[in-house]
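In: Sharing a model prediction with you, sequence too.
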Amino acid sequence: MKEKGILVLGLAVLALIAYAVFVIAVIKLVVGAIILLITIPVLWFLWKKVKKKAEDKF
């Protein structure tokens, strides 16, 4: 009976670790997507400004 208890406890710890790793990975993906969604319009705006200044100079 002790061996089964240790096995179940070990599986529970492994499941908890796998769950934590999955949650951390999902959080990183969401944060990355949010940063990407913020960066795209900012870079587009800056590109338009630089392009207009370059066309005016040359």
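Out: Now that the structure is in, tell me what you want to look at. Numbering: from 1, shown residues only.
In: In the chain, where is pLDDT below threshold?
Out: For the chain, residues meeting the criterion pLDDT under 70 lie at 1, 58.
In: can you give me the helices in it?
Out: In the chain, the segments counted as helices under DSSP state H are 2-57.
In: From residue 25, how far off is residue 55?
Out: Shown here: residue 55 relative to residue 25, a distance of 44 Å by Cβ to Cβ, to the nearest Å. Where C-beta positions appear, they are placed from N, C-alpha and C, glycine not excepted.
In: now do residue 41
Out: Remark: distance between residue 41 and residue 25 (Cβ to Cβ) = 26 Å.
In: same check, this time on residue 18
Out: According to Cβ to Cβ, residue 18 stands 11 Å off from residue 25.
In: can you check residue 56 too?
Out: Using Cβ to Cβ, we find residue 56 at a distance of 46 Å from residue 25.
In: between those two, which one's more packed in?
Out: Between residue 56 and residue 25, counted using other Cβ atoms under 10 Å, residue 25 has the larger neighbour count: 10 against 7.
In: Report the distance from stretch 9-17 to the chain centre.
Out: Averaged C-alpha coordinates place stretch 9-17 at 24 Å from its chain's average position (Cα atoms, centre = their mean, to the nearest Å).
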